[in-house]
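> what shape does this take:
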Amino acid sequence: MKTRSILFAIAALALIASAGMFIVGSGSSHMSELKDFFWTPLPLALILFIAGLKTK
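Okay, here's the model as predicted:
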């Protein structure tokens, strides 16, 4: 049960990081690279959510 909650917490952090990258990248022209690569943490979040669902 502890492993499952850790996986979900890290996946949530990856989603928050992705949203933060999009928001910061949209607001500043100097940081537009963040908006271009906001999708990078999303596969990690998906993998961690799936792993969290599969653990017993």
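> which elements pack onto the worst-scoring helix or strand of the chain on mean pLDDT?
Every helix and strand in the chain was compared by mean pLDDT, DSSP states H and E; the lowest is helix 32-36, with a mean of 90. On a contact count with 3 or more Cβ pairs under 8 Å, 6 or more residues apart in numbering; DSSP states H and E, helix 32-36 meets helix 2-27. Where you see a C-beta, it was placed from the backbone N, CA and C, and this is true even at glycine.
> just the residues contacting the least confident helix or strand of the chain, thanks.
Residues outside helix 32-36 that contact it (Cβ atoms under 8 Å, 6 or more residues apart in numbering) are 21, 22, 24, 25, 26.
> buried stuff in it?
By 16 or more other Cβ atoms under 10 Å, the buried positions in helix 32-36 come out as 34, 35.
> and the next element down the chain from that helix?
Per DSSP states H and E, the first helix or strand lying C-terminal to helix 32-36 is helix 41-54.
> which residues are contacting that next one?
4, 7, 8, 10, 11, 12, 14, 15, 17, 18, 21.
> ok, of the residues you listed, which come out buried?
7, 8, 11, 14, 15, 17, 18, 21.
> and stretch 3-23, how far from the chain's centre?
4 Å (Cα atoms, centre = their mean, to the nearest Å).
> distance check, the residue at minimal distance from the centre of the chain against residue 2.
In the chain, the centroid-proximal residue (Cα atoms, centre = their mean) is residue 14; its distance is 2.1 Å. According to Cβ to Cβ, to the nearest Å, residue 14 and residue 2 sit 19 Å apart.
> if we ignore the residues flanking it in sequence, what's nearest residue 48?
Leaving aside its sequence neighbours, residue 48 sits nearest to residue 11 (Cβ to Cβ, 6 or more residues apart in numbering; 3.7 Å).
> which residues touch the one you found?
44, 45, 46, 48, 49, 52.
> buried members of those into ChimeraX, please.
In ChimeraX, selecting the buried portion of the contacts of residue 11, with burial taken from 16+ other Cβ under 10 Å, looks like this:
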select :44,45,48,49,52
